[in-house]
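Enquirer: The following block contains a protein sequence and its predicted model.
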Amino acid sequence: MGSVLRAPSPLSVKRVAIIGAGPSGLAAAKFLRAEEYFDTIDVFEQQSEVGGVWHYTPSSGEEVSIPSTNPNIPLEKPIWPDGSKAPIFSNPMYEHLNTNIPKQLMGFSDQEFPAESLLFPARQDVQEYLVKYSQDVRDIIAFSTQVDDVQLLKEDRWEVTIKSTITGVSKKNEYDAVVVSNGHYSVPFIPAVTGIEAFNAAYPNLITHSKIYRSPEGFTGKKVIIVGSGASGLDIGTQISFVSQKPLLCSVRTPLPQKFGEAKEEVPPIAEFLVEEKGVRFEDGRVEKDIDAIVYCTGYFYSYPFLKALDPTVTNGRRAVGLYEHVFNITHPTLAFLALPQKVIPFPVAEVQAAAIAKFWSNNLELPGKEEMQTWERKRVEETGEGTNFHVFGYPQDAEYINGLHDWVKLSGFKKEPTYWGPKQLWCREIYAAVRDKWVKTGGTARSMEELGFKFDQDEWNRH
């Protein structure tokens, strides 16, 4: 990051719009407000409560396009449950879910998870945590309000069109800067495998996506294929395997990290759907007939339907285009994006990004020149390609990113200090997958790492 204080041409940012009141939008609201510089901070949230992906919505009857290969789709439509005072928007949170991140690493720097919560908190605990976290910024959140359009006006001013999801009434407001924190779990990716459309026409609703999975009950006694080996594929597959026919077939490109005896069987990717056989042919030629359910756990596109008037922000949906350090729009740095990185600890990442935005927009820090930022993006593309890896970090890259942004923000002094990972956090980040594995194997009841036999040793870490 740049290391000098802002020089001759300061920004004029006094009015800020934040799109979304999930974890990253809440972090943005907190750090912008803490800067004591901005006159107006408005947060727009389409749901009736904060939480983003953690705000559980019951099964909504949503149908996913089969295949689903286009990131540039219209805004989500609200769904009105019977008797509801406000509509909901479907999200991928399912009924029985625990985090795969230990609570001491997952939380924001200024609020701990309760001591009584599980080491890997249940989704309900995370949502309660976020509601509590939101208390001092709820006054600036407009709930049940969808951002319909964001237009660039002259001199980097932004016109934001919002619409009430309850009344349908729209209005336009002008802002000096916009934070995009709408998440990236809305538009599912399902590949266009040979025969998939004809198969879906013959057997509607047999193919689904993890976004609309809620519980395993509907899979009892069925012959099921799970596609994908990410966290959701592993977790949803395990849940379904308890009730489905044995073995559950796991269609994966890379071997699963653990074996499951008779409950699951690894199979290659699906090469073709077979209508007459109600089956599939895998890439090794194997055919499975009479399939009852196929759940694609194949991730999501980055998608920004409200930015349709701007130069393409997404092309193939695999990354956001034209950003510096995964945050700042290079051409229009008063447009910023939060929490795009994957395989990271998302709350701390959002926190340091929010702190950086607040410092830059308040003219306390400077970004590099446009050419230097474009060079950074080109180099990142050379390293990762235009595919799915552009925003993928992993350890230790995420630790370096968090601490690097923290140290950049520190140059101008803290009004509110974001996360910094010291030795204990780095140790926890390095081993947490092993901790999660032991937590599951011992019944999923432990509330601390010490209960499982993991204890931080400073001397051992120094030798490490």
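Expert: That came through fine. Quantities reported herein were computed from a predicted structural model and do not represent experimental measurements. Numbers count the residues shown, from 1 in each chain.
Enquirer: what's the burial count for the residue nearest to Thr315 when sequence neighbours are not counted?
Expert: Using CB to CB, 6 or more residues apart in numbering and skipping residues adjacent in sequence, the residue nearest Thr315 is Val321, 5.8 Å away. From N, CA and C alone the C-beta is placed, and that goes for glycine too. By other CB atoms under 10 Å, 18 other residues sit near Val321.
Enquirer: what's near enough to touch Val321?
Expert: Contact analysis of Val321 by CB atoms under 8 Å, 6 or more residues apart in numbering lists Pro312, Thr313, Val314, Thr315.
Enquirer: For Trp376, see how far away it is.
Expert: Going from Val321 to Trp376 by CB to CB, to the nearest Å gives 13 Å.
Enquirer: Counting neighbours, which of the contacts of Val321 comes out on top?
Expert: Highest neighbour count within those: Thr313, with 22 neighbours (other CB under 10 Å).
Enquirer: Does anything pack onto the helix or strand of the chain with the lowest mean pLDDT? Which helices or strands?
Expert: Ranked by mean pLDDT, DSSP states H and E, the helix or strand of the chain with the weakest confidence is helix 458-463, at a mean of 88. On a contact count with 3 or more CB pairs under 8 Å, 6 or more residues apart in numbering; DSSP states H and E, helix 458-463 meets helix 423-441.
Enquirer: Quick one: mean pLDDT over stretch 406-415.
Expert: Stretch 406-415 comes out with an average pLDDT of 96.
Enquirer: quick one: buried residues of that stretch?
Expert: For stretch 406-415, the neighbour count (16 or more other CB atoms under 10 Å) marks His406, Trp408, Val409, Ser412, Lys415 as buried.
Enquirer: helix/strand/coil for the last one?
Expert: For Lys415, the secondary structure call by DSSP: H, G, I helix; E, B strand; the rest coil comes out as coil.
Enquirer: Hmm, it is touching Glu35, no?
Expert: Yes - counting by CB atoms under 8 Å, Lys415 touches Glu35, with 5.3 Å between them.
Enquirer: residues contacting Pro255?
Expert: Ser229, Glu266.
Enquirer: same thing but 7 Å
Expert: Contact analysis of Pro255 by CB atoms under 7 Å, 6 or more residues apart in numbering lists Glu266.
Enquirer: Confirm it sits in a strand?
Expert: No - judged by three-state DSSP, Pro255 forms no part of a strand; its state is coil.
Enquirer: Look up how far Ala231 lies from it.
Expert: Going from Pro255 to Ala231 by CB to CB gives 16 Å.
Enquirer: Start and end of stretch 33-44, how far apart?
Expert: Terminal residues of stretch 33-44 are spaced 15 Å apart (CA to CA, to the nearest Å).
Enquirer: what's it in contact with?
Expert: The contact list for stretch 33-44 (CB under 7 Å, 6+ apart) reads 13-19, 21, 25, 29, 32, 137, 140-142, 145, 147, 162, 358, 362, 415-416.
Enquirer: are any of the residues you listed buried, and which?
Expert: 13, 15-19, 21, 25, 29, 32, 137, 140-141, 145, 147, 162, 358, 362, 415-416.
Enquirer: residue ranges with poor pLDDT in the stretch 51-200 of the chain?
Expert: 60 (pLDDT under 70).
Enquirer: what about the helices in the chain?
Expert: 23-34, 103-106, 123-133, 196-202, 231-241, 346-361, 370-384, 397-410, 423-441, 458-463 (DSSP state H).
Enquirer: Least reliable of those by average pLDDT, please.
Expert: helix 458-463 (a mean of 88).
Enquirer: what sits up against that one?
Expert: By CB under 7 Å, 6+ apart, helix 458-463 touches Pro423, Trp427.
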